[in-house]
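**Student:** this one's structure only:
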């Protein structure tokens, strides 16, 4: 049942929440062995106690807005007292002593965090195969990946193991798994959602965002988690928006928007993806004004993204020395360099090691100007180009991913192929603009997503288009038969 | 094209204080070649030098919070307990100076 209906059910009869909790745990018991969406699952008894305490503290008639709703949280978001691993051996036993801001906000609404979802190690990946624990499977086809790096969150939603979920997006890590698991996922404007408590990958692009099985739930979750946070110096100085109200307002007014169809990204996609995505676009264009637009240098955007992300990751991951937290090794009689090297060699997986090394390379003497600074110049050029496009259109549309969900292990031999699959998604991260992935349809049983990107702080517009498409396609609240 | 020589791998290992295993060395030398070729495509874009580097997408400087005096609390040990190795209340760490 969608969250916006669940909360009505619970407000009329608070004890229905226990049936709901049972149903989610029954589902987890039946499918989790096949899907592996979670790294940590909170025991049911603990959840029961939590719910009982909430009822006792608030009273059954005065419960907070999202009381009882069960959420899967990506395992790079700090949750006090609950193990937070980032999908890495480095943090296998790490228990944060504090909650991320988004978690504090969610707890104030009565939400139940019942599990931490699987992810690519330190969010470095697009398939959830680089997790140090195990890969997550796509509930729509267990031989295929659910996308990444928030693959566990996407899979948990698609398998019915959670009602809503949180992910994080640095280069497409919410939108990619949303597209591959037939759910809705939004990367907010950079700075709209606090990064306090998000374990950093590439700080100038990381954003936490909502994932859900329908637009209304997405809007509900975004309303809770967004807003200025003095503990995050990159947080935008804005007040909170009620995205449900603004969505309803837009649906009532039904403005006709100008949609730009990004030619290079459609033409660069697989035939299967292109067919399904165009089918979806046709539905939107039956009401809105659509034009073809062109944006060169889409491939170069991937290059710039990876240079910047790897450089920032190299810096961010230098904190992992096993001293204050993380993997422990013997220190007695050993030098700092020896200990530090052993911790990092044993704690990080291959993809993380590779990206950290390459990040140091592009920042090193003689190469910094050639790669890192050049990538940042490209970033400014890209932003100016996109700004010019947004003078002519309100929204830019493209397939979220250029290929259908790959088979597990398909890209092991050639990682460049999976890097290049980020061609649609990285633009929003490089520029800080918001983007949403909306289910477009199935091709031979495999999910395909459509991405819509718009100007900063226009999430309401994206949610409006998402809701319209949802109504046209009826692709909502889908749960895979696992 | 970057040739990932043993010297360069060794240099990168010292830079980031990570060791690659033999299997990882074989793998990385093939993969990095392709990845850096992708990076080098940025060299083909003309007139990029007329753009200033964009370090941050928003024009915000680091705002400072007001100082807030708190009663002394034993937060540090709560923060560290369970995650760091504490000996008599001190974090155990390796030597930073070697003879």
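**Tutor:** Sure, I can see it. Everything numeric here is computed off the predicted structure, so don't read it as measured data.
**Student:** residues from the stretch 151-300 of chain A in reach of chain B?
**Tutor:** Within the stretch 151-300 of chain A, the positions near chain B by C-beta under 8 Å from any C-beta of the partner chain are A:190-191, A:204, A:230, A:233-234, A:236-237, A:297, A:299-300. C-beta coordinates here come from the backbone N, C-alpha and C atoms, glycine included.
**Student:** now with 6 Å?
**Tutor:** A:190-191, A:204, A:230, A:233, A:300 (C-beta under 6 Å from any C-beta of the partner chain).
**Student:** Just give me the residue closest to the centre of chain A.
**Tutor:** residue A:174 (2.4 Å; C-alpha atoms, centre = their mean).
**Student:** need the contact list for that residue.
**Tutor:** Listed by C-beta atoms under 6 Å, 6 or more residues apart in numbering or on different chains, the contact partners of residue A:174 are A:150, A:167, A:185, A:187, A:209.
**Student:** Go ahead and list the helix or strand containing the second one.
**Tutor:** So that's residue A:167. Following DSSP states H and E, one finds residue A:167 within strand A:164-169.
**Student:** List the contacts of that strand.
**Tutor:** Outside strand A:164-169, the residues that touch it by C-beta under 6 Å, 6+ apart are A:3, A:71-74, A:76, A:150, A:153, A:156-157, A:174, A:187, A:198, A:207-209, A:211-212, A:217, A:221.
**Student:** can you give me the helices for the stretch 201-350 of chain A?
**Tutor:** Counting by DSSP state H, counting those that start in this stretch, the stretch 201-350 of chain A has helices at residues A:215-225, A:243-253, A:263-267, A:271-285, A:298-316, A:336-347, A:350-363.
**Student:** report the angle between the axes of the strand holding residue A:167 and helix A:215-225?
**Tutor:** Per axes from the mean of the first three to the mean of the last three C-alpha atoms, to 10 degrees, the angle that strand A:164-169 makes with helix A:215-225 is 70 degrees.
**Student:** Tell me how far strand A:164-169 lies from the chain's centre.
**Tutor:** In terms of C-alpha atoms, centre = their mean, to the nearest Å, the centre of strand A:164-169 is found 4 Å from the chain centre.
**Student:** Repeat that for stretch A:314-328.
**Tutor:** So, by C-alpha atoms, centre = their mean, the centroid of stretch A:314-328 is 24 Å from its chain's centroid.
**Student:** again with stretch A:430-442
**Tutor:** 11 Å.
**Student:** That stretch - what's its average pLDDT?
**Tutor:** For stretch A:430-442, mean pLDDT rounds to 98.
**Student:** Could you tell me which residues make contact with the residue of chain B positioned farthest from its centre?
**Tutor:** Within chain B, the residue lying farthest from the chain centre (C-alpha atoms, centre = their mean) is residue B:71, at 34.8 Å. Residues near residue B:71 by C-beta under 6 Å, 6+ apart: none.
**Student:** In CSV: the contacts of residue A:174, plus pLDDT and neighbour count.
**Tutor:** Formatted as CSV, these follow (pLDDT from 0 to 100; neighbours: other C-beta atoms under 10 Å in any protein chain shown):
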residue, pLDDT, neighbour count
A:150, 98, 38
A:167, 98, 34
A:185, 98, 34
A:187, 98, 35
A:209, 98, 32
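**Student:** Sketch out the helices for chain B, chain order is fine.
**Tutor:** For chain B, the helices defined by DSSP state H cover B:6-16, B:22-40, B:75-80.
**Student:** ok, which pair from the contacts of residue A:174 is furthest apart?
**Tutor:** Spatially, the most separated pair among the contacts of residue A:174 is A:150 and A:187, at 10.3 Å (C-beta to C-beta).
**Student:** interface residues of chain B facing chain A?
**Tutor:** For chain B, the residues in contact with chain A (C-beta under 6 Å from any C-beta) are B:12, B:15-19, B:24, B:28, B:31, B:34, B:38-39, B:41-42, B:48, B:51, B:53-54, B:56-58, B:62-63, B:65, B:78-79, B:82-84, B:92-96, B:98.
**Student:** Now, of the residues you listed, which are buried?
**Tutor:** Buried subset of the residues of chain B next to chain A (neighbour count, 16 or more other C-beta atoms under 10 Å in any protein chain shown): B:12, B:15-19, B:24, B:28, B:31, B:38-39, B:42, B:48, B:51, B:54, B:56-57, B:83-84, B:93-94.
**Student:** Now do stretch A:133-150: everything it contacts.
**Tutor:** The contact list for stretch A:133-150 (C-beta under 6 Å, 6+ apart) reads A:34-37, A:39, A:74, A:118-120, A:123, A:125-129, A:151-152, A:154-155, A:158-159, A:167, A:173-174, A:176-177, A:180-181, A:405-408, A:447, A:480, A:482.
**Student:** Narrow these to those in strands?
**Tutor:** Taking DSSP state E, the ones among those that sit in strands are A:39, A:74, A:167, A:447.
**Student:** and which of these is nearest to residue A:95?
**Tutor:** Comparing those against residue A:95 with C-beta to C-beta places residue A:39 closest, at 13.0 Å.
**Student:** tell me, how many neighbours does residue A:62 end up with?
**Tutor:** The number of residues packed near residue A:62 is 9, by other C-beta atoms under 10 Å in any protein chain shown.
**Student:** same check, this time on residue A:332
**Tutor:** Using other C-beta under 10 Å, residue A:332 has 8 neighbouring residues.
**Student:** Tell me the confidence at it?
**Tutor:** What the model reports as pLDDT for residue A:332 is 87.
**Student:** Compute the inter-axis angle for the strand or helix carrying residue A:460 and helix A:271-285.
**Tutor:** Assessed by DSSP H and E, residue A:460 sits inside helix A:459-473. Helix A:459-473 runs at 100 degrees relative to helix A:271-285, counting by the same axes, to 10 degrees.
**Student:** Tell me the buried residues in helix A:459-473?
**Tutor:** A:459-470, A:473.
**Student:** now stretch A:315-334
**Tutor:** Residues of stretch A:315-334 classed as buried: A:316-317, A:320-323, A:325-329, A:331 (neighbour count, 16+ other C-beta under 10 Å).
**Student:** Please apply the same query to stretch A:336-353.
**Tutor:** A:336, A:338-345, A:347-353.
**Student:** Ok, stretch A:290-307 next?
**Tutor:** For stretch A:290-307, the neighbour count (16+ other C-beta under 10 Å) marks A:290, A:293, A:295, A:297-298, A:300-307 as buried.
**Student:** Tell me what angle the helix holding residue A:460 forms with helix A:243-253.
**Tutor:** 60 degrees.
**Student:** which strands and helices sit next to helix A:459-473?
**Tutor:** For helix A:459-473, the elements it packs on are helix A:215-225, helix A:243-253, strand A:435-443, strand A:446-454, judged by 3 or more C-beta pairs under 6 Å, 6 or more residues apart in numbering or on different chains; DSSP states H and E.
**Student:** Weed out the non-buried ones from the contacts of stretch A:133-150.
**Tutor:** Burial by neighbour count, 16+ other C-beta under 10 Å: within the contacts of stretch A:133-150 this picks out A:35-37, A:39, A:74, A:118-120, A:123, A:125-129, A:151-152, A:154-155, A:158-159, A:167, A:173-174, A:176-177, A:180-181, A:405-406, A:408, A:447, A:480, A:482.
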